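**Student:** have a look at this prediction, sequence included:
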Amino acid sequence: MNSALPKSIAKIIQSSLRCVPSRFCVSVLLFAVVCSTCLAQDKTSLTISAAASLKDALVEVEAAYQKSQPNVEFSNNFAGSGTLAAQIDQGAPVDVFLSAAAKQMDDLETKGLIAAGSRRNLLRNTLVLIAPLDSKLGGFQGLVAGDVKMIAVGDPAAVPAGQYGRQTLLALHLFDKMGTKIVFAKDVRQVLTYVETGNADAGLVYGTDAKSSSKVKVVATAPESSHDPILYPAAVIKGSRNQAAALKFVDFLSAPAASAIFVRYGFTIATP
């Protein structure tokens, strides 16, 4: 409980103490404490575990939601979807999970960790090959060239973008030719940072990540047929202590106001 009284209530107390009998002052004080307690209890905190590629867009979506739901507060945990799913499986206190792939959500649902009827398919994305602005890289086939020393990819064990990247390189018959060039990153944003800073000559990220940076360029887009569909599902976690509030927020993620924000960041809306 927040013990600090709102300024308006504090002013009432100060005014009352100067001009009324002591017993009435006690009543006013008790009333103020009760009001303060009620205000604190009205606050709902939702813990959101979301794929790192959603970070910028989701923060803006949450701000839009709070305009109509000012008593809802958000605590965000952004990471690779596999890492987040493992945390939930181990009992982490999470209200809503947004994954960058269906697999992680499927795994949690199979284990009975998703609230029934709460799952929604929200968004789609693309996979792109990026390079520093001054790079001469011309496409995926150029990755085998000698001047490409390091290629950043999300760790396929925990990062869906890494899984899609590996599938793409295999489909294009390039993966076995990469040798020691590939360096794995903890999430797609770390891949982006490696390329932005020149620590990697190329990287595989989502189209939305590339759009967010002025320090990289898109060299090529992976053919959709080269990898699994890039789908972002959302769901309420069964162990959530705020299931009603969490479900209301998940519903908002598909509302026109939220969809407009996601589209502005480069996502496309998934078919329900």
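**Tutor:** Good, I have the coordinates. Because the structure is predicted, anything quoted here is derived from the model rather than measured.
**Student:** next, the buried residues of stretch 45-62.
**Tutor:** Judged by neighbour count using 16 or more other Cβ atoms under 10 Å, the buried positions of stretch 45-62 are 46-58, 61-62. Using the backbone N, CA and C atoms, a C-beta is placed for each residue, glycine as well.
**Student:** next, the distance between the ends of that stretch.
**Tutor:** Across its full length, stretch 45-62 reaches 12 Å between end residues, using Cα to Cα, to the nearest Å.
**Student:** then stretch 91-111?
**Tutor:** Counting by Cα to Cα, the length from the leading to the trailing residue of stretch 91-111 is 12 Å.
**Student:** quick one, helices of the stretch 1-150 of the chain?
**Tutor:** Chain-ordered helices for the stretch 1-150 of the chain, with DSSP state H, counting those that start in this stretch as the definition, fall at 7-19, 22-41, 55-68, 81-89, 102-110.
**Student:** what is the rounded mean pLDDT of the longest one?
**Tutor:** For helix 22-41, the mean per-residue pLDDT is 45.
**Student:** give me the phi and psi angles of P156.
**Tutor:** With angles defined as degrees, to the nearest 10, P156 sits at phi -60, psi -20.
**Student:** for V183, what are its contacts?
**Tutor:** Residues touching V183, when contacts are defined by Cβ atoms under 8 Å, 6 or more residues apart in numbering, comprise 150-153, 194, 200.
**Student:** ok, and the most crowded of these?
**Tutor:** The most crowded member of the contacts of V183 is V153, carrying 29 neighbours; neighbours defined as other Cβ atoms under 10 Å.
**Student:** let's verify that residue: helix, strand, or coil?
**Tutor:** Recorded secondary structure, V153: strand (DSSP: H, G, I helix; E, B strand; the rest coil).
**Student:** close enough to count as contact, it and K186?
**Tutor:** No - counting by Cβ atoms under 8 Å, K186 is not a contact partner of V153; they are 11.4 Å apart.
**Student:** show me what the host helix or strand of V218 is packed up against.
**Tutor:** Counting by DSSP states H and E, the secondary-structure element that holds V218 is strand 216-221. Strand 216-221 makes packing contacts with strand 127-132, helix 188-196, helix 207-211 when contacts are defined by 3 or more Cβ pairs under 8 Å, 6 or more residues apart in numbering; DSSP states H and E.
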